[in-house]
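> Below are the sequence and a predicted model; questions follow.
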Amino acid sequence: MMPQKAPDHIVKSFDDELRKLREQILAMGGRAEAQLADAITALAKRDSDKAVRVIESDKGIDAIEMTVAQDSLKILALRQPMAKDLREVVAAIKISSDIERIGDYAKNIAKRTLQLNQQAPLKPTGSIPRMGDLAIKLISAVLSAYANDDADGLIAAWRSDESIDEMYNSLFRELLTYMMEDPRNIGASTHLLFIAKNIERIGDHATNIAETVHFLVHGKPIDETRPKGDTTNVAING
Amino acid sequence: MNAISPTLAKMHGRKVTVHYGSKQALFDVDLDVPERMVTALIGPSGCGKSTFLRCLNRMNDVIDGCKVGGEITLDGQDIYDPKLDVVMLRARIGMVFQKPNPFPKSIYDNVAYGPRIHGMAGTKGELDEIVRGSLEKAGLWKEVKERLDQPGTGLSGGQQQRLCIARAIAVSPEVILMDEPCSALDPIATAKIEELIDELRENFTIVIVTHSMQQAARVSQKTAFFHLGQLIEWGDTEQIFTSPKDERTQGYITGRFG
């Protein structure tokens, strides 16, 4: 087991660079988490103004990802990091790209919310916020594991992705029923279905981050099979 | 510590200790050198890596007050056996040093010297073949074939080091020990030596001491980390440089202590 806090480098500026990289990732993650929460609220409250703000703020997350990519490249080229330092930089690149995707999905939820707000409300809108809350909790858990360099509580969070998948499955069936009941529901139901799928994908990206943090801390992958609960690819026939 | 199965190891070190007078430089080092692989020894100055390297062909014998304990075997044979011929041992285990040290002789004679004293060639033609083959293996033949009669000391530093490698392999050793072979060379000459090391491991077992961790990572398959006379960690190079088990290894290779 490595100590939780490694001593400083002989070259102090290297420590500053690694610290800055982590701070950027955490800032980026915090933003994505807030974006998702806002997108879900905008959907639940039919708040188009909030949805527009979510769409516009996504640029900020993309900008941080660019900075992280440039800084990581610079560290790789100039410091040639080894061992934990190397894992730190590789983790930063991977996590920032997962967070960037999470931001994109939040933006997509907001865009679909704008469309939904033009139509009459549909009942399952209620179960999406619950699914969204689970995803937000998962993101928050993996980010704090990353912030504290602590992979201990991570596996529990990693498993919770399965509940998100299960909620997606039941929502999928529910929306199919609505569409069959009345074809006029198809437009709104399709938007909701994509929103649910976006949240399900957000859960997958958070799971990726959990795996990256585990590798960062322990130097080896989580040695369990990944929780997988999305069965809708067979549900449509079955 | 992971162990290599005995059949794959060319050399075994067991509980190797070295004293220089009253000062102990190595403490119970257990290290196997796998056959036809490059094993890199790394660690801060004074950690015992060069001392261990010199134990492998009994170069420490020539240092006054140096006492080696424990057991070191080559193909299962104890190399510190008093009946063993040290000159023959050093023909089987060649060495390349930090600074290129060609003899003040012609390029040809530098390479031919070993085969001559070991009586390896019956005729001038056979000797010519050995010289040519060794220079080819050392990647130097094309550069020197027109001037074999000129002094080896007239070559560039990188060429001189490759000449020393050619001289080492001319006697068909089984193991080649290299003590920081690139530390006096520029990056291009270094890259040529590293490429050469990679080719040589098809036929030879190589142990290299280096201060450059990037070099250890580039050229070796196994890496051993020494600290204060002890072998701290030993394993696959990839594992040592991506996820070392011991925090002292981690500290050294990430530049946290020196």
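Looks like it came in fine.
> Every contact and neighbour count from this point should use C-alpha atoms.
Will do.
> what's in contact with stretch A:170-187?
By Cα atoms under 8 Å, 6 or more residues apart in numbering or on different chains, the residues outside stretch A:170-187 that reach it are A:122, A:124, A:127, A:189, A:193, A:196, A:232.
> tell me the mean pLDDT for that stretch?
For stretch A:170-187, mean pLDDT is 92.
> go on, stretch B:165-178?
95.
> Pull up the distance across it, start to finish.
9 Å (Cα to Cα, to the nearest Å).
> for it, the distance to its chain's centre please.
Relative to the centre of its chain, stretch B:165-178 is centred 9 Å away, using Cα atoms, centre = their mean, to the nearest Å.
> just stretch B:240-255 next, same as before
Relative to the mean C-alpha coordinate of its chain, stretch B:240-255 is positioned 23 Å out (Cα atoms, centre = their mean).
> and what of stretch A:175-194?
Remark: stretch A:175-194 is offset 26 Å from the chain centroid, using Cα atoms, centre = their mean.
> Convert the C-alpha atoms of it to PDB, please.
Output of stretch A:175-194 as PDB, limited to C-alpha atoms (Å, rounded to 0.1, in the frame of the first residue of the first chain):
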ATOM      1  CA  LEU A 175     -42.500   4.900 -22.000                       C
ATOM      2  CA  LEU A 176     -43.100   2.100 -24.600                       C
ATOM      3  CA  THR A 177     -46.500   1.600 -23.000                       C
ATOM      4  CA  TYR A 178     -47.300   5.300 -23.300                       C
ATOM      5  CA  MET A 179     -46.300   5.300 -26.900                       C
ATOM      6  CA  MET A 180     -48.500   2.200 -27.600                       C
ATOM      7  CA  GLU A 181     -51.400   3.800 -25.800                       C
ATOM      8  CA  ASP A 182     -51.500   7.000 -27.800                       C
ATOM      9  CA  PRO A 183     -49.300   7.800 -30.800                       C
ATOM     10  CA  ARG A 184     -49.500  11.500 -29.900                       C
ATOM     11  CA  ASN A 185     -47.300  10.600 -26.900                       C
ATOM     12  CA  ILE A 186     -44.500   9.400 -29.200                       C
ATOM     13  CA  GLY A 187     -42.800  12.800 -29.600                       C
ATOM     14  CA  ALA A 188     -42.500  13.600 -25.900                       C
ATOM     15  CA  SER A 189     -41.900  10.000 -24.900                       C
ATOM     16  CA  THR A 190     -38.900   9.800 -27.300                       C
ATOM     17  CA  HIS A 191     -37.400  12.900 -25.800                       C
ATOM     18  CA  LEU A 192     -37.800  11.400 -22.300                       C
ATOM     19  CA  LEU A 193     -36.400   8.100 -23.400                       C
ATOM     20  CA  PHE A 194     -33.300   9.900 -24.800                       C
END
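> Now it: buried residues?
A:175-176, A:178-179, A:185-186, A:188-194 (16 or more other Cα atoms under 10 Å in any protein chain shown).
> Contact partners for the residue of the stretch 101-250 of chain B found nearest chain A?
Per Cα to the nearest Cα, the residue of the stretch 101-250 of chain B with the smallest distance to chain A is residue B:242, at 4.1 Å. Counting by Cα under 8 Å, 6+ apart, residue B:242 touches A:82, A:83, A:84, A:86, A:87, A:219.
> Adding neighbour count, pLDDT and secondary structure, write those out as TSV.
Output for the contacts of residue B:242, formatted as TSV (neighbours: other Cα atoms under 10 Å in any protein chain shown; pLDDT from 0 to 100; DSSP: H, G, I helix; E, B strand; the rest coil):
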residue	neighbour count	pLDDT	secondary structure
A:82	25	91	coil
A:83	22	93	helix
A:84	24	93	helix
A:86	21	95	helix
A:87	21	95	helix
A:219	20	90	coil
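> And the nearest residue to residue B:106 once chain neighbours are set aside, how close does it get to residue A:138?
Distances taken as Cα to Cα, 6 or more residues apart in numbering or on different chains place residue B:151 nearest to residue B:106, at 4.0 Å, with adjacent residues excluded. From residue B:151 across to residue A:138, the span is 71 Å (Cα to Cα).
> With residue B:135 instead?
63 Å.
> residue ranges of the strands in the stretch 151-258 of chain B, please?
B:175-179, B:205-209, B:222-227, B:230-236 (DSSP state E, counting those that start in this stretch).
> Pipe the ones you listed into JSON lines and attach distance to chain A and mean neighbour count per row.
Shown next, in JSON lines, are the strands of the stretch 151-258 of chain B (distance: least, Cα to the nearest Cα, whole Å; neighbours: other Cα atoms under 10 Å in any protein chain shown):
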{"stretch": "strand B:175-179", "distance to chain A": "23", "mean neighbour count": "25"}
{"stretch": "strand B:205-209", "distance to chain A": "19", "mean neighbour count": "25"}
{"stretch": "strand B:222-227", "distance to chain A": "13", "mean neighbour count": "24"}
{"stretch": "strand B:230-236", "distance to chain A": "13", "mean neighbour count": "20"}
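> and of those strands, who's closest to residue B:90?
Evaluated over the strands of the stretch 151-258 of chain B, closeness to residue B:90 peaks at strand B:175-179, with 9.4 Å, by Cα to Cα.
> can you state the direction angle for that closest one and strand B:205-209?
Counting by axes from the mean of the first three to the mean of the last three Cα atoms, to 10 degrees, strand B:175-179 lies at 10 degrees to strand B:205-209.
> hang on, residue B:41 in a helix?
No: under DSSP: H, G, I helix; E, B strand; the rest coil, residue B:41 sits outside any helix and is assigned strand.
> what about it, how many neighbours?
Applying other Cα atoms under 10 Å in any protein chain shown, we find 27 residues neighbouring residue B:41.
> give me every residue that touches the most far-flung residue of chain A relative to its centre.
Distance from the C-alpha centroid of chain A peaks at residue A:10, with 35.5 Å (Cα atoms, centre = their mean). By Cα under 8 Å, 6+ apart, the residues touching residue A:10 are B:255, B:256, B:257.
> Check residue A:62 too.
Contact partners of residue A:62, counting by Cα under 8 Å, 6+ apart, are residue A:100.
> Looking at the helix or strand where it lies now, give me its mean pLDDT.
Using DSSP states H and E, residue A:62 falls within helix A:48-79. The pLDDT scores in helix A:48-79 average 96.
> who in chain B is up against chain A?
B:240-247, B:250-251, B:253-257 (Cα under 8 Å from any Cα of the partner chain).
> For the closest residue in space to residue A:220 that isn't next to it in sequence, pull up the helix or strand it's in.
Once flanking residues are discounted, residue A:220 sits nearest to residue A:214: 7.2 Å by Cα to Cα, 6+ apart. Element membership for residue A:214, per DSSP H and E: helix A:186-218.
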